[in-house]
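Q: pasted the sequence and its predicted model underneath.
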Amino acid sequence: MDTVPAIDHDAIAAKVRAVLGQHARLSTSVDSLSDDSDLYDAGLTSLTTVNLMLALEDQFDVEFDDKLLKRKTFSSIRALSEAIQGLLP
């Protein structure tokens, strides 16, 4: 039986951070945020959330399900990483 390698949460979070830095236009440096920092408090807006979602879909080759299209999914790096981890094969 083949085993699927575990998906590294830290690797996903690092890629999420990189995409945030390029597309989210936060008022706070991504480097100063913890995985649990509120991204909306850091300057994420509804418009930049859409841009961020599209960039994350491209980066990870996934598509956010309708059930994930809510504020909570985009509230932190941890929430985004967990959502993406759930979408990966």
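A: Good, I have the coordinates.
Q: pull out the buried positions in the host helix or strand of Asp58.
A: In this assignment (DSSP states H and E), Asp58 forms part of helix 46-60. Buried residues in helix 46-60, defined by neighbour count with 16 or more other CB atoms under 10 Å: 48-49, 52-53, 55-56, 59-60. Backbone N, C-alpha and C define where each C-beta goes, glycine included.
Q: dump stretch 21-28 to CSV, keeping only the CA atoms.
A: Extracted in CSV, the C-alpha atoms of stretch 21-28 (Å, rounded to 0.1, in the frame of the first residue of the first chain):
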residue,chain,number,x,y,z
GLY,A,21,3.1,39.8,1.0
GLN,A,22,2.6,40.1,-2.8
HIS,A,23,-1.2,40.4,-3.1
ALA,A,24,-2.9,41.4,0.2
ARG,A,25,-1.6,45.0,0.5
LEU,A,26,-1.6,44.8,4.3
SER,A,27,-0.9,47.8,6.4
THR,A,28,1.3,45.6,8.6
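Q: now the spatially most central residue of the chain: which helix or strand?
A: Nearest to the mean C-alpha position of the chain, by CA atoms, centre = their mean, lies Leu80 at 3.4 Å. Assigned by DSSP H and E, Leu80 falls within helix 77-87.
Q: show me which positions of that helix end up buried.
A: Across helix 77-87, burial judged by 16+ other CB under 10 Å covers 77, 79-84, 87.
Q: how near is Asp66 to Ser75?
A: To Ser75, Asp66 is 17 Å away according to CB to CB, to the nearest Å.
Q: can you count the residues close to Trp16?
A: That one is not Trp; residue 16 is Val. Residues lying near Val16 (other CB atoms under 10 Å) number 26.
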